[in-house]
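I would like to see how this sequence folds:
(one chain, ligands or ions: 1)
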Amino acid sequence: MIGKSPWLALACAGLVCAGATHAGPKRQAAANDMPRLVQKDGRYALMVDGAPFLMLAGQANNSSNYPAVLDKVWPAIADMHANTLVMPVAWEQIEPVEGRFDFSFVDELVKQARAHDVRLDVLWFGAYKNTGPSYAPAWVKEDNTRFPRLTNKDGSTSYALSPLYDTTREADKKAYVELLKHIKAIDGQQHTVIILQPENEVGVYGAARDYSQKANDLMNQPVPDALIAKMGSRALKPAGNWHDVFGDDADEYFHAWSLASYAEDIARAGKAVYPLPTYMNDALKDPLHPQTPGSYASGGPTWNVLDIYKVAAPDIDILAPDLYSPGSDGYEKTLELYHRPDNALFVAETGNKGLYARYLFTTLGRQGIGFDPFGFDYTGYTNYPLGEKTFGPDQVKPFGTLYAAVAPMARTWAKLSYESQVWGVSEPDDHSEQDLDLGGRWTAKVQYRQWQFGMPEWDPENKNGYPDGSDVPSGGVAVARIDDDTFLVTGYKARISFGVGADQPGRGFILDRVEEGHYDDKGNWVFERVWNGDETDYGLNFTDKPVVLRVKLATYQK
Ligand code: DGJ
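Okay, here's the model as predicted:
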């Protein structure tokens, strides 16, 4: 039987009250609110229609940005249970002839997104796409005098455009601003488009920077004081030119500054027209092993130059990693490096192989505002070996299963993430267990490869084996604090066992009440059943059919 929980009153008295976060009169009243990124004490929320919004996103393949292809995109987004489609809009597509603009794809995209009740994250493929100008119009790509390519260290010409020329930046900016004027005109009230990515994976391969005479002259100019102040001990001197101040890192830092300044100019002009939140995505530098600039995209917003972007590009709200290395140590390290008090975590891209899906849990636990796996459409294109070899509903399923569990509570989760506390862990490659400190009063242990019944120590030789398929790491758990003793919990192929924290010494642990249920479209908790007995005696066990629990913890005097 499905009915209203006795905890509904508690929820509305506490942090999560239906009217404040969900559809209904307040949402209507707030419908004209611009999407925006808000920050409080280093915690972030993407506000959409006046309330925190969690982007459960899916990104289409690069060449799916034409009306004829959209009917192969929506079924994948629906199977995924995504609430946001991430879609490129290319410079070559909107300005094939200089000064003549064509927004027919944008019009169709916005119309169809509304029909599918899905929000849009629009990627601007301007002068930079995977560092190169492939999506710039022919009149840009073919005119290397007006739009110069950068010079490699050996004097040869790079494939990439230099960010140091006003001609390139002004032309790119003009197209981007026209795009924003158009989005404002067609969507300024409804806010189907909620966030923008100006440029795509900036940086350069094969060089650390532009080595042209113009660039060399700029390298000899003084480094801006604000940058020196921000870089702390990485600035070798309190003043001087780029080589003086940054020594061996000068080339990469100069190129990062140049690209960040280029993107800032474009983003600022766009915001002056229509102030949507913005982010830049990054082709990653290995977070665990040394690499030379140019073997990765030098000058892009890699983890080592985030401070440069923060100084040079205040109108870029978020610096966001593209994660295509599945190893759990590196993945977790990258999430840690991009989750900073001055940077909201957004997984701008990740691979579409099933083993990436579990990283949704760590992203949620790090107060992520969104998660965006790449290559979600049924065009038949796949980016193997980064993603799956073939792509269809079976490959969408690992992501769709998790999104289906989280989607109904996405607004509730986003509000708790912003205003309360959240935790989340993904199964490590070695399946090892993880301990959580839930703020002093409570702890939790998360384990993988467990049966739902019994303790592993009952079967030390593992005669019963492991659950089917559990050799491939895919589990995870996410926990949000509703009040001091009540937590919202979901998970996949994982066991969570709560315990008493250091703040309650000498107390014995009790699971006071474990409710399974879901949130309705107004944000009310809808009770389905109580878990007890076998279902709670060996921790709370999430299977391959994730559910949502509200868990109340208590103690007794031992
Ligand atoms: C990262 C880029 O941002 C995407 O557009 C795409 O090219 C992927 N790499 C690879 O499929």
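
dig out what residue 222 forms beta bridges with.
On the basis of DSSP bridges, residue 222 is bridged to residue 241.

tell me the contacts of it?
Counting by CB atoms under 8 Å, 6 or more residues apart in numbering, residue 222 touches 239-241. C-beta here means a position set from N, CA and C on the backbone, and glycine is covered the same way.

do residue 548 as well
405, 408-409, 488-490, 516-519.

of those, grab the buried ones for ChimeraX.
Buried residues within these, by 16 or more other CB atoms under 10 Å, are selected in ChimeraX with:
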select :405,408,409,488,489,490,517,518,519
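
which bits of the chain sit near the ligand?
Residues of the chain lying close to the ligand by CB under 6 Å from any ligand atom are 62, 130, 200-201, 281, 322, 349, 374, 383, 386.

which ones among these map onto strands?
200, 281, 322, 349 (DSSP state E).

would you list the contacts of residue 222 in TSV and tack on distance to residue 155?
Output for those, formatted as TSV (distance: CB to CB, whole Å):
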residue	distance to residue 155
239	31
240	26
241	22
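
ChimeraX command for the buried members of those residues?
Selection of buried members from the contacts of residue 222 for ChimeraX, criterion 16+ other CB under 10 Å:
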select :241
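
and the contacts of residue 222, which is closest to the ligand?
Lowest distance from the ligand to the contacts of residue 222 (CB to the nearest ligand atom) belongs to residue 241, with 33.1 Å.

quick one: contacts for the closest one?
219-223.

make it 10 Å
218-223, 250, 254 (CB atoms under 10 Å, 6 or more residues apart in numbering).

report the separation between it and residue 163.
From residue 241 over to residue 163 the distance is 19 Å, taken as CB to CB, to the nearest Å.

ok, residue 473 next?
40 Å.

more neighbours, those two?
The residue with more neighbours, out of residue 473 and residue 163, is residue 163; 27 against 19, by other CB atoms under 10 Å.

what's the closest non-adjacent residue to that one?
In space, residue 163 comes closest to residue 262 once its chain neighbours are excluded; the distance is 4.0 Å by CB to CB, 6 or more residues apart in numbering.

does the one you found touch residue 164 like I think?
Yes. With contact defined as CB atoms under 10 Å, residue 262 and residue 164 form a contacting pair (8.2 Å).

show me where the stretch 301-450 of the chain has helices.
Per DSSP state H, counting those that start in this stretch, the stretch 301-450 of the chain carries helices over the ranges 306-312, 328-338, 359-365, 393-406, 410-419.

okay, these in CSV with mean pLDDT next?
Shown next, in CSV, are those (pLDDT from 0 to 100):
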stretch, mean pLDDT
helix 306-312, 98
helix 328-338, 98
helix 359-365, 98
helix 393-406, 98
helix 410-419, 98
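
tell me the most buried of these?
helix 359-365 (a mean of 26; mean count of other CB atoms under 10 Å).

what residue in the stretch 251-400 of the chain comes nearest to the ligand?
residue 383 (3.7 Å).

could you report the neighbour count for the spatially closest residue to that residue that is not a sequence neighbour?
Computed as CB to CB, 6+ apart, the closest residue to residue 383 that is not its neighbour in sequence is residue 375, at 5.6 Å. Counted with other CB under 10 Å, residues neighbouring residue 375 total 26.

correct me if wrong: residue 375 contacts residue 387.
Yes. Assessed by CB under 10 Å, residue 375 is found in contact with residue 387 at 4.8 Å.

and for these two, which residues touch both?
In contact with both residue 375 and residue 387: 61, 350-353, 381, 395, using CB under 10 Å, 6+ apart.

can you report how many residues lie near residue 521?
11.

look up how far residue 251 lies from it.
With the distance defined as CB to CB, residue 521 ends up 53 Å from residue 251.

other SSEs contacting the strand ranked longest in the chain?
In the chain, with assignment by DSSP E, the single longest strand is strand 507-519. Applying 3 or more CB pairs under 10 Å, 6 or more residues apart in numbering; DSSP states H and E, we find strand 507-519 packed against helix 410-419, strand 486-492, strand 494-500, strand 525-531, helix 534-537, strand 540-542, strand 548-557.

swap the cut-off to 6 Å and go again
Packing partners of strand 507-519 (3 or more CB pairs under 6 Å, 6 or more residues apart in numbering; DSSP states H and E): strand 494-500, strand 525-531, strand 548-557.

can you give me the mean pLDDT across it?
Averaging pLDDT along strand 507-519 yields 97.

same question for stretch 477-490.
98.

how about stretch 509-527: buried residues?
So for stretch 509-527, counting by 16+ other CB under 10 Å, buried means 509, 511, 513-515, 517-519, 523-527.

err, stretch 164-173, not the other one
Per 16+ other CB under 10 Å, stretch 164-173 contains these buried residues: 164-165, 168-169, 171-173.

got phi/psi on the residue in the stretch 201-350 of the chain positioned nearest to the ligand?
Nearest residue of the stretch 201-350 of the chain to the ligand, counting by CB to the nearest ligand atom: residue 201, 4.5 Å away. The phi/psi pair for residue 201 (degrees, to the nearest 10) reads phi 40, psi 70.

so what sits opposite the nearest residue to it once chain neighbours are set aside in the bridge?
Here the nearest residue to residue 201 in space, its sequence neighbours aside, is residue 283; by CB to CB, 6+ apart that works out to 4.4 Å. Judged by DSSP bridges, the bridge partners of residue 283 are residue 322.

state the distance from residue 283 to residue 239.
For residue 283 relative to residue 239 (CB to CB), the value is 32 Å.

likewise residue 158?
31 Å.

next: residue 261.
20 Å.

contact partners for residue 347?
Taking CB atoms under 6 Å, 6 or more residues apart in numbering, we find residue 347 in contact with 363, 371-372.

OK, contacts around residue 286?
With CB under 6 Å, 6+ apart, residue 286 has no contacts at all.

so it, which state does it fall into?
coil (DSSP: H, G, I helix; E, B strand; the rest coil).

wait, residue 424 touches residue 480, no?
No. Using CB atoms under 6 Å, residue 424 makes no contact with residue 480, being 9.0 Å away.

and the nearest residue to residue 332 once chain neighbours are set aside, what does it touch?
Nearest residue to residue 332, sequence neighbours excluded (CB to CB, 6+ apart): residue 362, at 6.2 Å. The neighbourhood of residue 362, defined by CB under 6 Å, 6+ apart, consists of 335, 424, 426.

what's the burial count for the spatially closest residue to residue 64 that is not a sequence neighbour?
Spatial nearest neighbour of residue 64, excluding adjacent residues (CB to CB, 6+ apart): residue 377 at 5.0 Å. With neighbours defined by other CB under 10 Å, the count for residue 377 comes to 25.

residue 377 and residue 71 touch, don't they?
No. Checked against CB under 6 Å, the pair residue 377 and residue 71 is beyond contact range at 9.8 Å.
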